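S.K.: Below: sequence and its predicted model.
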Amino acid sequence: SKNALAEAHQAGGGGAPPAAVPVPGEPPPSLPPPLPPGARDAQEALRRERAVGDGKPRGRVTPLVYDFASEEERAAWEARYRKRWEDRLRRELEIKLRGLRERVGLQPHQEGALRRILQEELDERARLVGALSRKEITAAEFDAGVRENVRKARTALQELLTPEQREAYAALSPREQVLRDELK
């Protein structure tokens with residue numbers, strides 16, 4: 001009986017989970033609304049995309065859909081967006097340089113080399129983002145490319161720093177580490 005099933009579950013004897021046990025005298029829970037057309041296909045595509053590569057979940061991906069009146073309007077919007085993104089990356093580079101100069105004791109002769117390392121990292125990131133947006137690479141390939149790009153930059157930075165500077169670099173606060181290492 002339903003009560004026996006609920007009692008067995010409460011006693012730890014297994015049975016159906018509590019949500020599956022109807023409550024006498026109450027209406028059964030309603031079903032969720034049906035998915036809109038195409039949503040099942042989008043969900044299945046997302047599941048397949050997440051299964052590619054190392055199989056780690058990539059979080060929830062929400063495709064953004066913009067309704068532009070023309071291709072020219074879309075291109076203009078994309079150019080403005082890309083400009084803002086590139087400006088943010090340049091500010092980020094300056095913040096990283098300043099932080100390393102102040103907290104790690106970066107010397108003037110090291111700054112040019114570090115600027116090149118960080119600029120190469122940003123250029124490669126921009127290349128990867130562009131390739132992903134043009135669908136030349138998958139999300140898994142993008143993730144792998146970003147990880148490799150960060151690894152190369154870290155290795156080059158470690159080679160540039162003195163042992164004392166490496167110690168100071170390793171001791172940066174968590175917020176500074178986020179600025180330093182965006183991806184682990």
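M.R.: On my side now, so go ahead.
S.K.: ends of stretch 132-140, how far apart?
M.R.: End-to-end distance for stretch 132-140, by CA to CA, to the nearest Å: 10 Å.
S.K.: low-confidence ranges in the chain?
M.R.: Across the chain, the ranges flagged by pLDDT under 70 are 1-43, 45-65, 173-184.
S.K.: pull the longest helix from it.
M.R.: helix 71-104 (DSSP state H).
S.K.: Can you give me the buried ones in the helix or strand just after that helix?
M.R.: Counting by DSSP states H and E, the element after helix 71-104 in chain order, helix or strand, is helix 108-133. Buried residues in helix 108-133, counted by 16 or more other CB atoms under 10 Å: Gln110, Leu114, Ile117, Leu118, Glu121, Leu122, Glu124, Arg125, Leu128, Leu132. (C-beta placed from N, C-alpha, C; glycine too.)
S.K.: same question, stretch 100-108
M.R.: By neighbour count on 16+ other CB under 10 Å, the buried set for stretch 100-108 is Leu100, Arg103, Val104, Leu106.
S.K.: what does stretch 91-98 give?
M.R.: Leu93, Lys96.
S.K.: again, but for stretch 68-85
M.R.: Buried, per 16+ other CB under 10 Å, within stretch 68-85: nothing.
S.K.: contact partners of that stretch?
M.R.: The contact list for stretch 68-85 (CB atoms under 8 Å, 6 or more residues apart in numbering) reads Tyr66.
S.K.: export it as PDB, just CAs?
M.R.: Presented in PDB, the C-alpha positions along stretch 68-85 are these (Å, rounded to 0.1, in the frame of the first residue of the first chain):
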ATOM      1  CA  PHE A  68      19.400  43.000 -35.900                       C
ATOM      2  CA  ALA A  69      17.600  44.800 -38.700                       C
ATOM      3  CA  SER A  70      20.500  44.100 -41.100                       C
ATOM      4  CA  GLU A  71      23.900  42.500 -41.400                       C
ATOM      5  CA  GLU A  72      25.500  46.000 -41.200                       C
ATOM      6  CA  GLU A  73      23.800  46.700 -37.900                       C
ATOM      7  CA  ARG A  74      25.000  43.300 -36.500                       C
ATOM      8  CA  ALA A  75      28.600  44.000 -37.700                       C
ATOM      9  CA  ALA A  76      28.600  47.500 -36.200                       C
ATOM     10  CA  TRP A  77      27.300  46.100 -32.900                       C
ATOM     11  CA  GLU A  78      30.000  43.400 -32.900                       C
ATOM     12  CA  ALA A  79      32.700  45.900 -33.700                       C
ATOM     13  CA  ARG A  80      31.600  48.100 -30.700                       C
ATOM     14  CA  TYR A  81      31.500  45.100 -28.400                       C
ATOM     15  CA  ARG A  82      34.900  43.800 -29.600                       C
ATOM     16  CA  LYS A  83      36.400  47.300 -29.000                       C
ATOM     17  CA  ARG A  84      35.100  47.400 -25.400                       C
ATOM     18  CA  TRP A  85      36.400  43.900 -24.800                       C
END
